[in-house]
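Asks: sequence unavailable; structure follows:
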């Protein structure tokens with residue numbers, strides 16, 4: 001009887017751990033990821049820059065203002081996209097590492 005209760009409790013703990021590790025952690029991780037990505041978007045404004053790519057900077061509609069604004073906006077878009085790619089790559093690597101960690105630890109302990 002005691003052995004059955006003990007095994008039942010161990011199985012509940014394992015179920016709780018699996019639910020926490022593979023359900024709750026990813027949810028919180030990706031919520032934080034989206035919040036940080038939103039902050040990056042506010043900082044680099046790639047979407048808004050893409051929408052206004054042909055609008056001259058500082059409302060300078062002279063020929064020189066139009067010529068100068070296009071390369072500046074293109075470089076801002078490219079830099080922003082590179083930072084987004086780096087941020088996503090690092091975040092994805094961290095996420096995969098977190099999710100695989102219990103499997104690796106179980107394998108190493110055997």
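Replies: Happy to help now that I have it. These numbers come from a predicted model, not from an experiment.
Asks: residues contacting the residue minimising distance to the centre of the chain?
Replies: Central residue of the chain (Cα atoms, centre = their mean): residue 33, 3.8 Å from the mean position. Contact partners of residue 33, counting by Cβ atoms under 8 Å, 6 or more residues apart in numbering, are 91, 95. C-beta here means a position set from N, CA and C on the backbone, and glycine is covered the same way.
Asks: if you count neighbours, what's buried in the helix or strand hosting it?
Replies: Following DSSP states H and E, one finds residue 33 within helix 25-44. Neighbour-count burial for helix 25-44 flags 33, 44 (criterion: 16 or more other Cβ atoms under 10 Å).
Asks: check the average confidence over the longest helix along the chain, would you?
Replies: With DSSP state H setting the assignment, residue counts place helix 63-109 as the longest helix in the chain. Helix 63-109 comes out with an average pLDDT of 94.
Asks: packing partners of it?
Replies: If you count contacts as 3 or more Cβ pairs under 8 Å, 6 or more residues apart in numbering; DSSP states H and E, helix 63-109 packs onto helix 25-44, helix 46-51.
Asks: residue 103 is nearest to which of those helices?
Replies: Set against residue 103 and scored by Cβ to Cβ, the helices and strands packed on helix 63-109 come closest in helix 25-44, at 14.0 Å.
Asks: so the closest one versus helix 63-109, what angle?
Replies: Helix 25-44 runs at 160 degrees relative to helix 63-109, counting by axes from the mean of the first three to the mean of the last three Cα atoms, to 10 degrees.
Asks: and the pLDDT for the nearest residue to residue 81 once chain neighbours are set aside?
Replies: Sequence neighbours aside, residue 46 is the residue nearest to residue 81 in space, at 6.3 Å (criterion: Cβ to Cβ, 6 or more residues apart in numbering). As predicted, residue 46 sits at a pLDDT of 94.
Asks: residues in contact with residue 46?
Replies: 76-77, 80-81, 84.
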